[in-house]
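J.: just to be clear, the model below is a prediction. Sequence and coordinates:
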Amino acid sequence: MPLQKISEFDTDYQDAIQGNDIKGMDVYVQGTDEKIGTVSDAVVDEQGAFRYLIVDLGLWIFGKKVLLPVGKSRIDSRANRVYAVGITKEQAEKLPEYQEHTALDYDYEEQVRGGYRTPSVGSSVASTDGRTAPTYDRNNYTYAQDADLYDVNAHEDQTFKLYEERLVANKQRRKTGEVTIGKHVETETVRVSVPVERERVVIERVTPQDAGKVVSAETANFGESEVARIELYEEVADVQKEAFVREEVRVQKVVDKETVEVKETIRREELDVDADGRTIEEKTGNKLPKDRI
């Protein structure tokens, strides 16, 4: 039963798996979030059935590649992850190393299988160094004899996690505007009426009561140097400016509260069960979308 890499078996293998290339997927220990390496390639048999994943255990054992039987793997294409079932670091250290020139013959596969087989009571399957003596007839061996290693449907203890989305409401504060408040000066011309007084001289000629009365020469004083002086005053408007408080403006922020409703579509996984052995595609008559394959 010759084995070969998937790209050697079919150069267009990606078309057969809807473009979901398993190469480069991260490998984790099932049930934990411990990453142990990446998938570097896949191995198929002469019928094109997946038999092994070539895993680079760089995060566990630097530079070592091993074969992981497909029955010991769980592929999550959505998360782009492969989960290794029931493998420990100590077990990985005992597995035979895979190299590019490694011959994928029956003896090498038996060494690989010996590292994964669970010994039963009274059987001698695995040795301390991980190598096993052939326990099956090489001429009559079939992969069905190690269904636990190669049949992905053989595990009765498979666990399915059903996920559901829920809305988590948070608030974010964002700037909606800006208000700038300041002062500026406006000017205008105003008129004020101010009553003022101004003095002036009024000269009035009157006839004295003793007009025509003869006076003596001594009494009569003829002269040109007699002058009467009168000071005249007037008022002028004196306008001054004074400042006073006309108005007071208070600036403050107030918070208006309201409840807004946000609508979003959430998803929930439901379990599909068919006791008749049919696939969900056969049961419904519809093809599964690519993200369900």
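T.: Done, it's in. Numbers count the residues shown, from 1 in each chain.
J.: nearest residue to residue 70 in space, please, no chain neighbours.
T.: In space, residue 70 comes closest to residue 50 once its chain neighbours are excluded; the distance is 4.7 Å by C-beta to C-beta, 6 or more residues apart in numbering. In this view, the C-beta of every residue, glycine as well, is placed from N, C-alpha and C.
J.: is that neighbour bridged to anything, and to what?
T.: Assessed by DSSP bridges, residue 50 has beta-bridge partners residue 44.
J.: contacting residues for it?
T.: 6, 42-44, 70 (C-beta atoms under 8 Å, 6 or more residues apart in numbering).
J.: stretch 70-88: which residues count as buried?
T.: 70-75, 77, 82-85, 87 (16 or more other C-beta atoms under 10 Å).
J.: do the same with stretch 250-257
T.: Applying a neighbour-count criterion of 16+ other C-beta under 10 Å, one finds nothing buried in stretch 250-257.
J.: distance check, the closest residue to residue 9 other than its chain neighbours against residue 8.
T.: Distances taken as C-beta to C-beta, 6+ apart place residue 44 nearest to residue 9, at 5.1 Å, with adjacent residues excluded. Separation of residue 44 from residue 8 (C-beta to C-beta, to the nearest Å): 9 Å.
J.: more crowded one of the two?
T.: More crowded of residue 44 and residue 8, by other C-beta atoms under 10 Å: residue 44, with 20 against 12.
J.: test my guess that the more buried one contacts residue 22.
T.: No. Between residue 44 and residue 22 there is no contact, the gap being 11.3 Å when judged by C-beta atoms under 8 Å.
J.: can you list the weak-confidence ranges in the stretch 1-150 of the chain?
T.: When residues are selected by pLDDT under 70, those of the stretch 1-150 of the chain lie in 1, 14-20, 119-135.
J.: can I get the contacts of residue 50 in JSON lines with distance to residue 204?
T.: Listed next are these as JSON lines, based on distance: C-beta to C-beta, whole Å:
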{"residue": "6", "distance to residue 204": "139"}
{"residue": "42", "distance to residue 204": "138"}
{"residue": "43", "distance to residue 204": "144"}
{"residue": "44", "distance to residue 204": "144"}
{"residue": "70", "distance to residue 204": "141"}
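J.: please state the backbone phi and psi of residue 32?
T.: Main-chain torsions, residue 32, degrees, to the nearest 10: phi -130, psi 170.
J.: show me the contacts for it.
T.: Going by C-beta under 8 Å, 6+ apart, residue 32 touches no other residue.
J.: what's the local residue count around residue 38?
T.: 17.
J.: next: the one 5 residues further on.
T.: Number of residues near residue 43 (other C-beta under 10 Å) recorded here: 22.
J.: gap between the closest residue to it other than its chain neighbours and residue 265?
T.: The shortest distance from residue 43 to any non-neighbouring residue, by C-beta to C-beta, 6+ apart, is to residue 52 (4.1 Å). Relative to residue 265, residue 52 is positioned 40 Å away (C-beta to C-beta).
J.: wasn't residue 149 part of a strand?
T.: No. Per DSSP: H, G, I helix; E, B strand; the rest coil, residue 149 lies outside any strand segment and is helix.
J.: skip the chain neighbours and tell me the closest residue to it.
T.: residue 69 (3.9 Å).
J.: show me what contacts that neighbour?
T.: Residue 69 makes contact with 51-52, 112-113, 116, 146, 149-150 under the criterion C-beta under 8 Å, 6+ apart.
J.: just want the phi and psi numbers for it.
T.: Per-residue torsions, residue 69: phi -60, psi 140 (degrees, to the nearest 10).
J.: next, count neighbours for residue 45.
T.: Residue 45 has 17 neighbours, counted by other C-beta under 10 Å.
J.: let me fix that, I meant to ask about residue 65.
T.: Neighbours of residue 65 using other C-beta under 10 Å come to 20.
J.: ok, the residue lying closest to it once chain neighbours are set aside - contacts?
T.: Leaving out its chain neighbours, the residue that sits closest to residue 65 by C-beta to C-beta, 6+ apart is residue 98, at 4.5 Å. Listed by C-beta under 8 Å, 6+ apart, the contact set of residue 98 reads 54, 65-67.
J.: quick one, longest helix in the protein?
T.: helix 106-116 (DSSP state H).
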